[in-house]
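# Whatever this is, show me its structure:
(one chain, ligands or ions: 2)
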Amino acid sequence: MGKTIGIGLLGLGTVGAGVLKIIETSEGRNPLVSNLEVMRVAVRDISKKRSINISPEKLTTEPKEVIDDPEVQIVVEVMGGIEPARSLILRAINSGKSVVTANKAVIARHGDEIAKAANSAGVYVLIEAAVGGGIPIIEPLKQSLGGNRIKKVSGIINGTTNYILTRIAKEGANYKNVLKDAQDLGYAEADPAADVEGLDAADKIAILSGLAFGGVIKREEITTKGINKLEEIDVKYANRLGYGVKLLAIAERVEQLKERNQSLPLALWVEPTLISNDHPLAGVNGVNNAILVEGEPIGEVMFYGPGAGSGPTASAVVADILNIAGIKINNKGEATSLDPLLSAASWRECHLVNQKDIIQKTYLRVITNDSPGVIGAIGSIFGKNHVSIESIVQFDASEKGAEIVIITHKVKRGQIEKSLNQIKGLSDVLQIASQLGCL
Ligand code: NAP
Ligand code: HSE
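Ligands and ions are numbered 1, 2, ... in the order given. Prediction:
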């Protein structure tokens, strides 16, 4: 082949260093890798000690210099954050350069603007690394599952929180210490609140849903509950009932609600969820992620693998670079019409349903006085609101009160809220201590 494709990196942190490492060690990889050459790299601090060698003249603190460099043909944005990442991606597109990005925060909020700009400039913006780290999930949703009517996309899509929950469950590790380990391993976001508050998972489910259901998702409408509020006692009770707890992101069609003006009703949410020990997601541990896609006619498929970290994420970034590089080499670098399966386009409208219409099984922990009849009174309120109960168990009664744990069958969140408002009014009820999802 012998034709160099110039790469410009915006960022040389966990992911950027992983990408450079793959490109610089091309032996034994797809022959196209040896056609790639990193020409310029933008960083914040040139004097910083790095895990990988790079000739200092390639470094700049001015990202625009990378984009505008005539030797750079593909811009790889791995710096993170919303701005200046969004403006830099648009600048690259407007200069006729394709972009590869791992930045889910910017794609979840500005993906539509970026995709439109890319389509009109005739360039690609590929985002495989933005969801699921090294797991191929973006291209399968765009291409391999394209013939399906997707019903549901759900799973564990944040590596940091799965790593934390696994170490707490298996070793009884301390939350703060394990979060620090996840940061040291390069799994966490620059501000780890994005991981533990469920915001990163919400970015990712917005992106997956946009591709799976074909319409733009308003990121700001997605409700999130993170693991930062999860109490150890709930994990303990869940274990005693045969469940583990994982941070899940879920997106599904709400079949019961008719399509409004052709707009597809979707329920999307992120929350710590009880998963029964025999569920396929129960065995997904550590930094691994898994995404379940349910479609018609395929049924259910699961994508599993490392969800964060330098090597796995760089693997996904380089796959996208190779897709674009392959097209450039085949077309001798000349601009052609875009491959519609590689480029992203919305083809219908979707809207998120009111939270009250989300239908799910729910785990509740209620603290009450240890008085006779309290379980009956709670059960009767649920009954009046048509909430059927799978199990109701009293744990740890003491002078301070009794802990009553309830798992409901699948009902609308609105019915649960109405019941809880009435339960709060019972004289023996001291507190609704927890409310979690349950599979
Ligand atoms: P990181 O380790 O913090 O690296 C960020 C890099 O960008 C650093 O090299 C930093 O320079 C540079 N940078 C940041 N702001 C800059 C600016 N304004 N101008 C010039 N350079 C700037 O982050 P990361 O973990 O590699 O993540 C990068 C992106 O990938 C994020 O969008 C993240 O969400 C996404 N992602 C990460 C993972 C993962 O496992 N880490 C997985 C999937 C996706 P300095 O080195 O000088 O500070
Ligand atoms: N902070 C993210 C995670 C990186 O832990 O999943 C991968 O997107």
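# Other residues contacting the host helix or strand of residue 64?
For residue 64, the host element (DSSP states H and E) is helix 63-68. With C-beta atoms under 8 Å, 6 or more residues apart in numbering as the test, helix 63-68 has contacts from 8-10, 40-42, 60, 72, 75, 79, 84, 88, 91-92, 95, 97. Backbone N, C-alpha and C define where each C-beta goes, glycine included.
# out of these, which are buried?
8-10, 40-42, 60, 72, 75, 79, 88, 91-92, 97 (16 or more other C-beta atoms under 10 Å).
# before we move on, what SS does residue 363 have?
strand (DSSP: H, G, I helix; E, B strand; the rest coil).
# check contacts around it.
So, once contact is read as C-beta under 8 Å, 6+ apart, residue 363 ends up touching 234, 238, 243, 274, 405, 406, 407, 434, 435, 436, 437, 438.
# how about the strand or helix carrying the fourth one as PDB, C-alpha atoms only?
Think residue 274. Element membership of residue 274, judged by DSSP H and E, is strand 264-276. Extracted in PDB, the C-alpha atoms of strand 264-276 (Å, rounded to 0.1, in the frame of the first residue of the first chain):
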ATOM      1  CA  LEU A 264     -41.900   6.800  19.100                       C
ATOM      2  CA  PRO A 265     -42.500   6.700  22.800                       C
ATOM      3  CA  LEU A 266     -39.500   5.500  24.800                       C
ATOM      4  CA  ALA A 267     -38.700   5.000  28.400                       C
ATOM      5  CA  LEU A 268     -35.100   5.700  29.300                       C
ATOM      6  CA  TRP A 269     -33.500   5.600  32.800                       C
ATOM      7  CA  VAL A 270     -30.300   4.900  34.700                       C
ATOM      8  CA  GLU A 271     -30.400   3.500  38.300                       C
ATOM      9  CA  PRO A 272     -28.800   0.900  40.600                       C
ATOM     10  CA  THR A 273     -30.900  -2.200  40.000                       C
ATOM     11  CA  LEU A 274     -31.300  -5.600  41.700                       C
ATOM     12  CA  ILE A 275     -30.400  -8.400  39.300                       C
ATOM     13  CA  SER A 276     -31.300 -12.000  40.200                       C
END
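# Pairing partners for the helix or strand that that strand is followed by, with directions?
Following strand 264-276 in sequence order, the next helix or strand is strand 288-296 (DSSP H and E). Here strand 288-296 is paired, per DSSP bridges, with strand 149-156 (antiparallel), strand 299-306 (antiparallel).
# Highest mean neighbour count out of these?
strand 149-156 (a mean of 21; mean count of other C-beta atoms under 10 Å).
# Say whether ligand 2 is contacted by it.
No - counting by C-beta under 6 Å from any ligand atom, ligand 2 is not contacted by strand 149-156; separation bottoms out at 9.2 Å.
# what's the pLDDT at the one residue in the chain that gets nearest to ligand 1?
Nearest residue of the chain to ligand 1, counting by C-beta to the nearest ligand atom: residue 13, 1.8 Å away. Per-residue pLDDT puts residue 13 at 98.
# got a list of what the nearest residue to it once chain neighbours are set aside touches?
In space, and not counting its chain neighbours, residue 13 is closest to residue 78: 7.0 Å by C-beta to C-beta, 6 or more residues apart in numbering. By C-beta under 8 Å, 6+ apart, the residues touching residue 78 are 9, 10, 11, 13, 15, 16, 19, 101, 102, 103, 317.
# Closest to residue 348 out of the residues you listed?
Nearest to residue 348 among the contacts of residue 78, counting by C-beta to C-beta, is residue 101 at 24.6 Å.
# per-residue confidence for the closest one?
98.
# hang on, the earlier thing: would you check how far apart the residue nearest to residue 13 and residue 47 are?
Here the criterion is C-beta to C-beta, to the nearest Å. By it, residue 78 lies 20 Å from residue 47.
# what do you get for residue 294?
In terms of C-beta to C-beta, residue 294 sits 50 Å off from residue 47.
# cool, and residue 3?
Distance from residue 3 to residue 47, by C-beta to C-beta: 35 Å.
# Looking at the two, which one has more neighbours?
residue 3 (11 against 7; other C-beta atoms under 10 Å).
# wait, isn't the more buried one in contact with residue 35?
Yes - here residue 3 reaches residue 35: they are 5.9 Å apart, a contact under C-beta atoms under 8 Å.
# overlap in contacts of these two?
By C-beta under 8 Å, 6+ apart, the residues touching both residue 3 and residue 35 are residue 329.
# can you tell me which of the contacts of residue 78 are in strands?
Of the positions in the contacts of residue 78, 9, 10, 101 sit in strands, assigned by DSSP state E.
# Can you name every helix or strand that the helix ranked longest in the chain contacts?
Secondary structure of the chain per DSSP state H: the longest helix is helix 310-330. Judged by 3 or more C-beta pairs under 8 Å, 6 or more residues apart in numbering; DSSP states H and E, helix 310-330 is in contact with strand 5-10, helix 14-24, strand 74-77, strand 98-101, strand 125-126.
# mind putting the ones you listed in JSON lines, distance to residue 284 included?
Compiled in JSON lines, the helices and strands packed on helix 310-330 are given as follows (distance: least, C-beta to C-beta, whole Å):
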{"stretch": "strand 5-10", "distance to residue 284": "31"}
{"stretch": "helix 14-24", "distance to residue 284": "22"}
{"stretch": "strand 74-77", "distance to residue 284": "28"}
{"stretch": "strand 98-101", "distance to residue 284": "25"}
{"stretch": "strand 125-126", "distance to residue 284": "26"}
